[in-house]
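**Q** Give the three-dimensional model of this entry:
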Amino acid sequence: MPVLVVMFMVLVIYSLFLPGAAKGLDALFTPDWTKIIQPECVDCRLWTNLLLGFQSALGLW
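**A** Numbers count the residues shown, from 1 in each chain. This next block holds a predicted model:
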């Protein structure tokens, strides 16, 4: 198990030094607010939240 963690850390550090890593991290951690208010995105989030809520309610039974 420790070998897996070490290999994962090496892979993460290696990927941070690849060309374009800064642009990728910027795209990952900077939200595009114009995409969030699109109706398609709102529908997906609504159904996902409803389904997760129903599943957790059924799990309590």
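**Q** and the gap between Pro31 and Ala22?
**A** 17 Å (CB to CB, to the nearest Å). From N, CA and C alone the C-beta is placed, and that goes for glycine too.
**Q** what do you get for Ile13?
**A** In terms of CB to CB, Ile13 sits 15 Å off from Ala22.
**Q** and if you look at Arg45?
**A** 29 Å.
**Q** Ok, Gly59 next?
**A** 42 Å.
**Q** Give me the more crowded residue out of those two.
**A** Ala22 (10 against 7; other CB atoms under 10 Å).
**Q** residue contacts, the more buried one?
**A** By CB atoms under 8 Å, 6 or more residues apart in numbering, no residues touch Ala22.
**Q** mind giving me the domain ranges of this structure?
**A** Under the assignment automatic domain parsing, the domains of the chain span 1-30, 32-61.
**Q** Dump those to a markdown table, plus mean pLDDT.
**A** Listed next are the domains of the chain as a markdown table, based on pLDDT from 0 to 100:
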| stretch | mean pLDDT |
| --- | --- |
| domain 1-30 | 93 |
| domain 32-61 | 75 |
